[in-house]
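> Have a look at this fold, sequence not included:
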């Protein structure tokens, strides 16, 4: 019951509200690329909390995601 309440309240409602507030503060163009960080934290947390092994394809995926965020976040010059 506690797990279901946690997922229902914090991981769903609070995350949704906080994400919307962040988008409101910085704008969708800045916030959008950071949505993909969920795919970075998933293998990290699975390794930390449940002992999963991080695989080479996950490391490659994380590197590509971080590179994409870096490219998308760079200041554009005219």
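Received it, and whenever you're ready, just let me know what you need. In this text, all values refer to a predicted model and were calculated from it rather than measured experimentally. Numbering: from 1, shown residues only.

> if we look at the top helix by length along the chain, which residues are touching it?
For the chain, the longest helix by residue count, based on DSSP state H, is helix 56-73. Outside helix 56-73, the residues within contact range by CB atoms under 8 Å, 6 or more residues apart in numbering are 30, 32-34, 36-37, 39-40, 43. Quick note: C-beta positions are derived from backbone N, CA and C, even for glycine.

> what about it, distance to the chain center?
When distances are taken as CA atoms, centre = their mean, to the nearest Å, helix 56-73 is centred 12 Å away from the chain's centroid.

> Quick check: buried residues in that helix?
Neighbour counts over helix 56-73 (16 or more other CB atoms under 10 Å) mark 58, 62, 65, 69 as buried.

> Mind pulling up the pLDDT for the first one?
Think residue 58. Confidence at residue 58, expressed as pLDDT, is 94.

> Can you give me the distance of it to residue 42?
For residue 58, the distance to residue 42 equals 9 Å [CB to CB, to the nearest Å].

> again, but for the last one
Counting by CB to CB, the gap between residue 69 and residue 42 amounts to 15 Å.

> which among the contacts of helix 56-73 end up buried?
Counted by 16+ other CB under 10 Å, the contacts of helix 56-73 give 34, 40, 43 as buried.

> Now name the helix or strand holding the second one.
Going back to what we said before, that points to residue 40. In this structure, residue 40 sits in helix 38-50 according to DSSP states H and E.
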